[in-house]
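1. what follows is a predicted structure for the sequence shown.
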Amino acid sequence: MVDLDVPADIAAMSFEEALAELEQIVRRLEGGQVKLDEAILSYERGALLKRHCERKLNEAQQRVDRIVIGADGAVTAEPAKLD
């Protein structure tokens, strides 16, 4: 699924890559030594990375099946419930 709101470089990232960059941005911003303009750009990129990570997690959750054992002992798989 292509997200038109996310730049191509972020869209091509795995969940782990995006999360690592997001964590790096958070550390820089929390350090307080970033100039205002750079902080704003970093914040905007962080928001895009967060959106990408959330989308990746949602996609993964939708792919997970719930294994159910029936009263007769039969094992079946049902789509995960997204609560």
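-> Everything's here; your move.
2. in space, what's closest to residue 39 - neighbours in sequence excluded?
-> residue 29 (6.0 Å; C-beta to C-beta, 6 or more residues apart in numbering). Glycine gets a C-beta too; all of them are placed from N, C-alpha and C.
3. please identify the helix or strand for that neighbour.
-> Here residue 29 is covered by helix 15-31, with elements defined by DSSP states H and E.
4. helices and strands around that helix, which ones?
-> Packing partners of helix 15-31 (3 or more C-beta pairs under 8 Å, 6 or more residues apart in numbering; DSSP states H and E): helix 36-63.
5. ok, back up a step: flag every buried residue along the helix holding residue 29.
-> For helix 15-31, the neighbour count (16 or more other C-beta atoms under 10 Å) marks 18-19, 21-22, 25 as buried.
6. cool, stretch 39-49 as well?
-> 42, 45-46, 48-49.
7. for those residues, give me JSON lines that also has distance to residue 66 and pLDDT.
-> Listed next are the buried residues of stretch 39-49 as JSON lines, based on distance: C-beta to C-beta, whole Å; pLDDT from 0 to 100:
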{"residue": "42", "distance to residue 66": "39", "pLDDT": "98"}
{"residue": "45", "distance to residue 66": "36", "pLDDT": "98"}
{"residue": "46", "distance to residue 66": "33", "pLDDT": "98"}
{"residue": "48", "distance to residue 66": "32", "pLDDT": "98"}
{"residue": "49", "distance to residue 66": "30", "pLDDT": "98"}
